[in-house]
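Chemist: Sharing a model that was predicted from the sequence below.
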Amino acid sequence: MERFARGVSAVLAAVARVALVASGAALVAMTVVVAWGVFGRFVLNDTPAWAEASAMLLLGWVILGAAAVGVREGFHMGFGSLRDALPAPLARAFDVASDAVVTAFGLAMLWYATELAWTVWNATLPTLGLPGAVEYAPLALGGLLIALFGAERLLAHLTTGKAPAGVPEHTVLTDA
């Protein structure tokens, strides 16, 4: 089982790298779009109608891709002070419970974002001409990645009692 967990971890490490690269590319694209919008507004006195909608859409890709990787890497908020004050077996149970909640949250994001996307599939975004579902695609993909990375941590904590190999054991941001 531990060997399986390491294999899953290696695959998900590659997925996390792709998600970070995509988030970085979306950030660069969003910066260019916003710069063009500002240039159009203040220099050309003709704001491109698509600029704001495109920037907001790209922002979703930036945030949700990076947030999902943050779950994998342990860079999400947590209550480390409470866990650190508990005996080791109880602290481990809290880690497992936390991983289970994060995984369930990711699955809920995936489910409801997909439902929203299907609901507005036939609508068209007026300034972009794209189907309305593209607004919810980053939310659905982010939910999927959060669920996968949460499940990876859950699997590792259940099989080895530790975080996945190469991933920090505890969150960096704490309540302290």
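Modeler: Received the coordinates, thanks.
Chemist: Please name the spatially closest residue to Ala91 (chain neighbours excluded).
Modeler: Counting by C-beta to C-beta, 6 or more residues apart in numbering, the nearest residue to Ala91 once its immediate chain neighbours are dropped is Arg83, at 4.8 Å. Where C-beta positions appear, they are placed from N, C-alpha and C, glycine not excepted.
Chemist: The spatially most central residue of the chain and Asp99, how far apart?
Modeler: Taking C-alpha atoms, centre = their mean as the criterion, Ala68 is the residue nearest the geometric centre of the chain, at 2.5 Å. Per C-beta to C-beta, to the nearest Å, Ala68 is found 14 Å from Asp99.
Chemist: and the helix or strand containing the residue nearest to Ala91, average pLDDT?
Modeler: With the criterion set as DSSP states H and E, the secondary-structure element containing Arg83 is helix 80-85. Averaged across helix 80-85, the pLDDT comes to 77.
Chemist: And that helix, what does it pack against?
Modeler: Under the contact criterion of 3 or more C-beta pairs under 8 Å, 6 or more residues apart in numbering; DSSP states H and E, helix 80-85 touches helix 88-119.
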